[in-house]
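K.L.:
have a look; sequence and predicted model below, questions after that.
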Amino acid sequence: MSTRDLVKMAMYLALFVVLDFVANQFGIFKMPKGGSLGIGVVPLLLASYDLGFRKGVLVALLTIPLMYMTGQVWFVSFGQFALDYVLAFGVYGLATMFPSFNKDGAYPVMTGIVITNALRTFFSYLAGVWYWEVPPKVSLTYQLSYMVPTLILTLIVVPLVMARLKRDS
């Protein structure tokens, strides 16, 4: 790994911590049993698109100990931890693996954003049903209440920032 990549990875991790902290402090779309507007996932998606999927997954997985240190990780078993954290956040590093459309246009359609947010919703839904013993419809409604705003936010912010990053590099 180059020094440049390591510095970028550290920057994305620091940005994640700050944005995740802000989201949890102000409680925008914050749910009573966990989950909130995921402004912290913006740097995870940026890392994937900027550094590639291997380094993107590494950045995404490194956020888990950072969330643990800030007291934002709650788990009852290894399976629930794997679904709610390892898979749900690790998947953001894979965003770059899904094709984007209208790449050269004014506003690219980044399917990786949609797919990774959908996968995170699915993993959290499964954790809700299997480990938190929530009825399926309730678990889905709960997850969608903060993941739909997260999806909308990331669909708007990530392409705008990526366009700016490409212009400045």
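P.N.:
Alright, I've got the coordinates. Treat the numbers as computed from the prediction; the structure is a model and nothing was measured. Numbering: from 1, shown residues only.

K.L.:
burial of residue 153, as a residue count?
P.N.:
Applying other Cβ atoms under 10 Å, we find 19 other residues in the vicinity of residue 153. C-beta: built from backbone N, CA, C; applies to glycine.

K.L.:
what about it, distance to residue 63?
P.N.:
For residue 153, the distance to residue 63 under the criterion Cβ to Cβ, to the nearest Å works out to 17 Å.

K.L.:
would you indicate which residues of the helix or strand encompassing residue 150 are buried?
P.N.:
With secondary structure defined by DSSP states H and E, residue 150 is part of helix 136-168. Within helix 136-168, the residues scored as buried using 16 or more other Cβ atoms under 10 Å are 139-140, 142-143, 146-147, 149-151, 153-154, 157-159, 161-162.

K.L.:
now stretch 51-60
P.N.:
51, 53, 55-60.

K.L.:
which residues touch the spatially most central residue of the chain?
P.N.:
Most central in the chain under Cα atoms, centre = their mean is residue 41, positioned 3.4 Å from the mean C-alpha point. Applying Cβ atoms under 8 Å, 6 or more residues apart in numbering, one finds that residue 41 lies in contact with 16, 89, 92, 117, 120, 150, 154.

K.L.:
highest neighbour count among those residues?
P.N.:
Ranked by neighbour count under the definition other Cβ under 10 Å, the contacts of residue 41 are headed by residue 92 with 31 neighbours.

K.L.:
my guess is it contacts residue 43. True?
P.N.:
No: distance between residue 92 and residue 43: 9.3 Å, which falls outside the contact criterion (Cβ atoms under 8 Å).

K.L.:
which residue ranges of the protein form helices?
P.N.:
Counting by DSSP state H, the chain has helices at residues 3-26, 41-51, 53-69, 78-81, 88-90, 111-130, 136-168.

K.L.:
thinking again about what came up before, state the distance from the residue nearest to the centre of the chain to residue 13.
P.N.:
Separation of residue 41 from residue 13 (Cβ to Cβ): 13 Å.

K.L.:
before we move on, the earlier item: can you list the contacts of residue 41 in CSV and add pLDDT?
P.N.:
Listed next are the contacts of residue 41 as CSV, based on pLDDT from 0 to 100:
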residue, pLDDT
16, 96
89, 95
92, 96
117, 96
120, 96
150, 93
154, 95
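
K.L.:
OK, contacts around the closest residue to residue 115 other than its chain neighbours?
P.N.:
Excluding the flanking residues, the one nearest residue 115 by Cβ to Cβ, 6 or more residues apart in numbering is residue 98, at 5.1 Å. By Cβ under 8 Å, 6+ apart, the contact list for residue 98 reads 110-112, 115-116.
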